[in-house]
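[1] Predicted model and sequence follow; I will ask about them next.
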Amino acid sequence: MLLWIVSALFSTESICIATVILCLIRYYIHRKWQRLQKLGIPHEPPSLWNVGNMRGVFSTDTVCQKMLELKRKYGLVYGCYFGLEPCIVIHDTDMLRQIYTKEFHNFPDRQKLLTRLHGKDMNHGLIVIRGNKWKRIRLALSPTFAIMKLKQTFTIIDHCLARTLKILDRKSSSGLPFDAKRVFSNLALDVIVSSALGTTVDTQSSGGRDTRLMTELKNLFTRGFAGPVGMLCRITRDELIGNAMLMIGAGFDNSANVMTCMAHCLAFHPNIQVKLQQEIDDTFRDKGCFDYDSVKGMKYLEMCVNETMRLYPVFIRNGRVCRKDTVVNGLYIPKNMVVKIPVYFLAHDPDYWEDPWEYKPERMEDMSQIDPMRFQPFGFGPRGCIGMKFAEMEIKMALCLTLREFSFSPCEDTPRPPLKTIFKMALVPKEEFRLKVTRR
């Protein structure tokens, strides 16, 4: 019986069938990998070993060097294959500006791959939905992030920060270092959950494992938001849940990463930290408190935050799908083609930024001289991050209150700048690190 099975598997007919199937698969792959060549777009030869051209694309250790090589070899526009799917990578800032704004009606959506990665509930989130549904939900959610609503959340942020200051005070008194990622992640989670759910949920005292937090998050999926977002009447329950998950996930992790990376930058640049603290002290002395207007008016703080987001952006790249055949600055882009925007590289391009791996807030002094295509921490155009103002306010307020009372410095084992990063759901430090904190 065994001999019969073996002989059947390796019979001439079986080998011929397998060979034909493999040839057809190889022919299909070859046809798919001809699209960029037919469009006349230069690109590196794809291969099965590289999964098209995908190997290494999510490694920040190699992505900048590789993109610099491709840019200098092929110019400001070239192609690549993500598996079998072709895409066009554009470094030309004029073309990117057109895609984001003037030609937005032809490039309104992100690629479909995202809808298969985030799960059923997240398919209702703003980052993946398309067309009229995106317009409707974006319009419904926009009032939640209006300036007047943001000003009302200041007391929530202030209340959450009071718990963070107590934690840092205990670390300072004991002389023990603190885990920067853990402290700022718990703070960011505390702020976003308290703001979104309209309730006080202390995630900091228990290291983010508060049982009440889990109860509130479970309630979210049965009753929706308790806070101001719950007043929305133009979106369905599933849409509300999907965007609630998006706001909590993106709002907590991305803000935490910026605060963590900025604390690291300031620890290794004490002169910058002292200058920032002087601005914080002057503002508090003049205003008597920190509110939306006083924090927004702090120029050097904004420079430091912007430089941190340039050095450690949230995403490696952005993307848009071409809705119909379009010509942008003479480049023909066919329907359904994915356009890749190399956000991380544009923020580190040595042809544009002097010493791109150095932390230099002064380069952000005159933002009118900074091309927004080179620095887009929250995206650009109509599909830019809806929570941008909230995130900036939370980050600036956290830094104002912590730096007014404390100073950061590195430990012996703290990794030196620039931090090595990896891409998970967003760009995050590759390893957790500790910092010393001392009361001023």
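    Nice, thanks for sending it over.
[2] which residues are in contact with stretch 321-341?
    Under the criterion C-beta atoms under 8 Å, 6 or more residues apart in numbering, residues 39, 77, 80, 82, 85-90, 92, 94-96, 98-99, 103, 105-112, 317-320, 376 lie in contact with stretch 321-341. C-beta coordinates here come from the backbone N, C-alpha and C atoms, glycine included.
[3] Filter those down to the buried ones, ChimeraX style.
    In ChimeraX syntax, the buried subset of the contacts of stretch 321-341 is picked out as below (16 or more other C-beta atoms under 10 Å):
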select :39,77,80,82,85,86,87,88,89,90,92,95,96,98,99,103,106,107,108,109,110,111,317,318,319,320,376
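[4] Which of the contacts of stretch 321-341 fall in helices?
    39, 94, 95, 96 (DSSP state H).
[5] OK, contacts around the second one?
    Under the criterion of C-beta under 8 Å, 6+ apart, the neighbours of residue 94 are residue 329.
[6] For it, give its distance to residue 332.
    16 Å (C-beta to C-beta, to the nearest Å).
[7] Read off the pLDDT value for residue 408.
    The per-residue pLDDT reported for residue 408 equals 96.
[8] repeat for residue 140
    Per-residue pLDDT puts residue 140 at 81.
[9] Can you give me the buried ones in the helix or strand in which it is found?
    Element membership of residue 140 [criterion: DSSP states H and E] is helix 131-141. Within helix 131-141, the residues that count as buried by 16+ other C-beta under 10 Å are 134, 137, 140, 141.
[10] Now do residue 115, the pLDDT please.
    On pLDDT, residue 115 comes in at 49.
[11] ditto for residue 438
    The pLDDT attached to residue 438 in the predicted structure is 95.
[12] and it, helix, strand or coil?
    When classified by DSSP: H, G, I helix; E, B strand; the rest coil, residue 438 comes out as strand.
[13] tell me the contacts of it?
    Contacts of residue 438 (C-beta under 8 Å, 6+ apart): 172, 406, 407, 409.
[14] Double-check that the first one belongs to a helix.
    Yes. Per three-state DSSP, residue 172 lies within a helix segment.
[15] That one against residue 437, yeah?
    Yes. Counting by C-beta atoms under 8 Å, residue 437 is a contact partner of residue 172 at 5.1 Å.
[16] Next, show the common contact partners of the two.
    Common contact partners of residue 172 and residue 437 (C-beta under 8 Å, 6+ apart): residue 406.
[17] just the strands in the stretch 51-200 of the chain please.
    For the stretch 51-200 of the chain, the strands defined by DSSP state E, counting those that start in this stretch cover 77-82, 85-90, 178-179.
[18] per-residue confidence averaged over stretch 329-345?
    In this model, stretch 329-345 has a mean pLDDT of 93.
[19] actually stretch 300-315, sorry about that
    The predicted model assigns stretch 300-315 a mean pLDDT of 94.
[20] what's the answer for stretch 179-191, then?
    Regarding stretch 179-191, the rounded mean pLDDT is 87.
[21] any chance you could map the helices in the stretch 301-440 of the chain?
    For the stretch 301-440 of the chain, applying DSSP state H, counting those that start in this stretch gives helices covering 343-346, 388-405.
[22] Perfect, that will be all.
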